[in-house]
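1. Just need the structure, nothing else, for what follows:
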Amino acid sequence: MQFQNDLDTLSRIMTTIEESNQLKDLDALLDRVLLDARRLTQADAGSIFLVENNVLKFSYIHNDTLFTTPSNKYIYSSQTLEINNESLAGYAASTGETVILDDAYQIPAHMPFSFNPSFDEASGYRTRSMMVVPLKSSREKIIGVLEIINALDGQKKVIPFSHRDTLVLNYFAQHAAGGIERAMMTREIILRMIKMCELRDPHETGAHAHRVAAYAAEIYQQWALNRGIAPEEIKRMRDLLRLAAMLHDLGKIAISDLILKKPGKLDPEEYQIMKYHTIHGARLFENATSDLDALSAEIALNHHERWDGQGYPGKIGNIYADHPPMGEGKKGEEIPLAGRIVALADIYDALVSRRAYKEPFTEEQALTFLREQSGQAFDPEVVAAFFAIYDIIGAIREKYLENSVSSELLAESS
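-> So this is what the prediction gives:
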């Protein structure tokens with residue numbers, strides 16, 4: 001009987017790893033890894049830290065007791081930990097050893113690390129049993145730490161993690177780390193592409209791309225929940241959107257420096273040329289070979305369309321023609337959903353950011369603008385979804401501050 005149970009567990013692990021490898025976006029993968037780790041050990045909560053710039057950066061969190069969904073502002077915390085023996089995660093990362101505690105508040109005095117109760121104190125949660133597992137790359141390099149919290153029995157009572165839990169989670173983490181490493185590399189490649197744009201356009205930064213993409217993913221999820229979309233479809237679309245939205249302005253690489261780096265507002269002729277970045281961006285994904293390519297092209301082409309039909313580039317018969325003329329603006333639901341969402345995310349971020357030709361809007365001014373433009377520039381349902389998750393929007397802005405993204409991930413991979 002035990003042998004059969006072990007075979008079933010191994011089969012579940014391999015199935016979840018195979019399914020996780022289908023995910024492209026790092027955040028979507030961390031969500032899945034954490035969910036699978038908790039299912040395998042019957043854990044109530046957990047978190048993942050990833051190594052960035054030689055520190056551990058808080059990257060994902062689940063807590064069934066506190067959160068009805070992992071999509072909340074805690075995901076976008078900017079907490080970091082030193083890789084040393086003082087914290088539980090730091091110890092696991094520095095030594096490569098798994099830490100198991102029956103009660104986080106009763107750590108033996110001879111242990112070098114301690115438990116930080118600040119989250120418990122702020123949330124009212126009570127952490128007891130913990131398992132902290134290092135995530136190692138194929139080259140045995142520590143890329144992060146997986147923390148699983150509060151194992152539960154059949155009556156939802158907190159119990160210690162078992163020896164079997166330790167074996168299962170270490171085996172799972174060993175294989176999940178490979179998928180996480182690949183997702184980190186994918187995100188780094190995208191950031192390098194954006195870095196190339198940044199050399200041309202100082203406004204197109206890794207931080208801006210991260211913010212717009214995170215806004216878009218969260219707005220989509222709320223929109224989809226409001227619409228009653230199936231959870232599986234929400235996860236699939238959110239995964240694709242989080243990556244594709246990062247590339248929304250990649251077409252600017254084809255625009256002249258005289259326009260991109262102009263310190264003031266563009267004149268009408270220059271603005272007309274700038275509009276073509278949408279078409280150039282979509283052209284980059286010609287002969288799309290994946291859903292991600294197709295969505296990236298769709299967003300690049302449509303993220304400057306307006307709900308009232310006054311946007312650009314409008315309805316174009318063939319975007320691959322030589323300098324195709326702008327068409328009549330797409331209107332309402334003629335604009336693909338991803339384009340409508342990224343349009344709001346992009347404009348909001350531009351409003352609250354400093355530009356060479358303008359000072360940033362105050363938050364109140366930006367929110368007033370979005371409300372006034374609901375039904376004009378923006379899809380009213382998308383605006384409603386934005387305001388429903390406004391606390392998450394603020395957390396995203398705090399996490400992806402200007403000049404804080406590209407340097408970290410790119411330096412880590414250099």
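2. which stretches of this protein have low pLDDT?
-> 1-24, 68-72, 200-204, 356-358, 402-414 (pLDDT under 70).
3. and the longest helix for it?
-> helix 163-200 (DSSP state H).
4. what's the neighbour count on Ala254?
-> Ala254: 14 surrounding residues under other CB atoms under 10 Å. Where C-beta positions appear, they are placed from N, C-alpha and C, glycine not excepted.
5. and this protein, what are its domains?
-> Taking automatic domain parsing as the criterion, the chain consists of the domains 2-183, 201-413.
6. just checking, Leu169 touches Ile148?
-> Yes: if you go by CB atoms under 8 Å, Leu169 and Ile148 touch, sitting 6.5 Å apart.
7. Common neighbours of those two, please.
-> Ala37, Thr41, Met131, Val133 (CB atoms under 8 Å, 6 or more residues apart in numbering).
8. what's the helix or strand for the last one?
-> In other words, Val133. strand 130-136 (DSSP states H and E).
9. what's the spacing between that strand and its chain's center?
-> 22 Å (CA atoms, centre = their mean, to the nearest Å).
10. by contact count, what packs against the following helix or strand past that strand?
-> Downstream of strand 130-136, the next assigned helix or strand under DSSP H and E is strand 142-152. Contacts defined by 3 or more CB pairs under 8 Å, 6 or more residues apart in numbering; DSSP states H and E place strand 142-152 against helix 26-41, strand 43-52, strand 55-63, helix 88-95, strand 130-136, strand 158-159, helix 163-200.
11. What is the burial count for Pro325?
-> Pro325 has 9 nearby residues by other CB under 10 Å.
12. What distance do you get for it to Ile319?
-> 11 Å (CB to CB, to the nearest Å).
13. residues touching the closest residue to Leu30 other than its chain neighbours, list them.
-> In space, and not counting its chain neighbours, Leu30 is closest to Tyr60: 4.0 Å by CB to CB, 6 or more residues apart in numbering. Counting by CB under 8 Å, 6+ apart, Tyr60 makes contact with Asp27, Leu30, Asp31, Leu34, Ser47, Ile48, Pro70, Ile75.
14. hey, what's the fifth one bridged with?
-> Ser47 forms beta bridges with Ile61, Glu147, as assigned by DSSP bridges.
15. Against Val99, how distant is it?
-> Ser47 is 14 Å from Val99, by CB to CB.
16. ok, back up a step: export the helices and strands packed on strand 142-152 as JSON lines, with columns for distance to Ile341.
-> Output for the helices and strands packed on strand 142-152, formatted as JSON lines (distance: least, CB to CB, whole Å):
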{"stretch": "helix 26-41", "distance to Ile341": "16"}
{"stretch": "strand 43-52", "distance to Ile341": "26"}
{"stretch": "strand 55-63", "distance to Ile341": "22"}
{"stretch": "helix 88-95", "distance to Ile341": "34"}
{"stretch": "strand 130-136", "distance to Ile341": "32"}
{"stretch": "strand 158-159", "distance to Ile341": "40"}
{"stretch": "helix 163-200", "distance to Ile341": "18"}
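17. For Leu225, which of these is the nearest?
-> Set against Leu225 and scored by CB to CB, the helices and strands packed on strand 142-152 come closest in helix 26-41, at 15.4 Å.
18. which helices and strands sit right next to that closest one?
-> Using 3+ CB pairs under 8 Å, 6+ apart: helix 26-41 touches helix 2-20, strand 43-52, strand 55-63, strand 142-152, helix 163-200, helix 231-244.
19. could you check the angle strand 55-63 makes with that helix?
-> Orientation of helix 26-41 against strand 55-63 (axes from the mean of the first three to the mean of the last three CA atoms, to 10 degrees) gives an angle of 60 degrees.
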